[in-house]
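Colleague: my questions are about this predicted structure, shown below with the sequence.
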Amino acid sequence: MDIATQIKQIMIDSLALEDLTIEDIDNDLELFSEEGLGLDSVDALELGLELQKKFGFTFNAEQTNLNQHFRNVNTLTNFIQSQLAVK
């Protein structure tokens with residue numbers, strides 16, 4: 001399973017999005033806009049924790065552009081790949 005698919009499955013499982021399937025979540029779908037999934041800050045925290053557990057990295061709380069990484073599945077995938085490359 002590729003990273004994008006794993007992210008989608010984590011979102012469905014950890015954010016109680018059981019009414020969605022992996023195929024329903026487009027990689028470019030905005031995660032935090034009303035036109036997209038409409039996630040909120042609590043969802044971001046939960047998702048961040050699950051991603052850290054799954055992929056074995058840590059978000060740097062002092063990083064000022066974290067919200068850019070959470071824009072959509074593509075931006076999260078790119079961020080996680082960059083974190084895994086550093087390991």
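Modeller: It's in. Numbering: from 1, shown residues only.

Colleague: tell me if I'm right that residue 37 and residue 28 touch.
Modeller: No. Taking contacts as CB atoms under 8 Å, residue 37 lies outside contact range of residue 28: 11.8 Å. Where C-beta positions appear, they are placed from N, C-alpha and C, glycine not excepted.

Colleague: and those two? Which one has more around it.
Modeller: Applying other CB atoms under 10 Å to residue 37 and residue 28 shows that residue 37 carries more neighbours, namely 21 against 11.

Colleague: once you drop chain neighbours, what's closest to that one?
Modeller: Nearest residue to residue 37 in three dimensions, chain neighbours excluded: residue 31, at 5.1 Å (CB to CB, 6 or more residues apart in numbering).

Colleague: quick one: classify that neighbour as helix, strand or coil.
Modeller: When classified by DSSP: H, G, I helix; E, B strand; the rest coil, residue 31 comes out as coil.

Colleague: wait, what's in contact with residue 51?
Modeller: 7, 10, 76, 80 (CB atoms under 8 Å, 6 or more residues apart in numbering).

Colleague: who touches both of residue 37 and residue 28?
Modeller: Joint contacts of residue 37 and residue 28 (CB under 8 Å, 6+ apart) do not exist.

Colleague: against which helices or strands is the lowest-mean-pLDDT helix or strand in the chain packed?
Modeller: Least confident helix or strand, the chain: helix 66-69 with a mean of 86, by mean pLDDT, DSSP states H and E. Here helix 66-69 touches helix 73-86, going by 3 or more CB pairs under 8 Å, 6 or more residues apart in numbering; DSSP states H and E.

Colleague: can you point out the buried residues in the helix it packs on?
Modeller: Of all the residues in helix 73-86, those buried under the rule 16 or more other CB atoms under 10 Å are 73, 75, 76, 77, 79, 80, 83.
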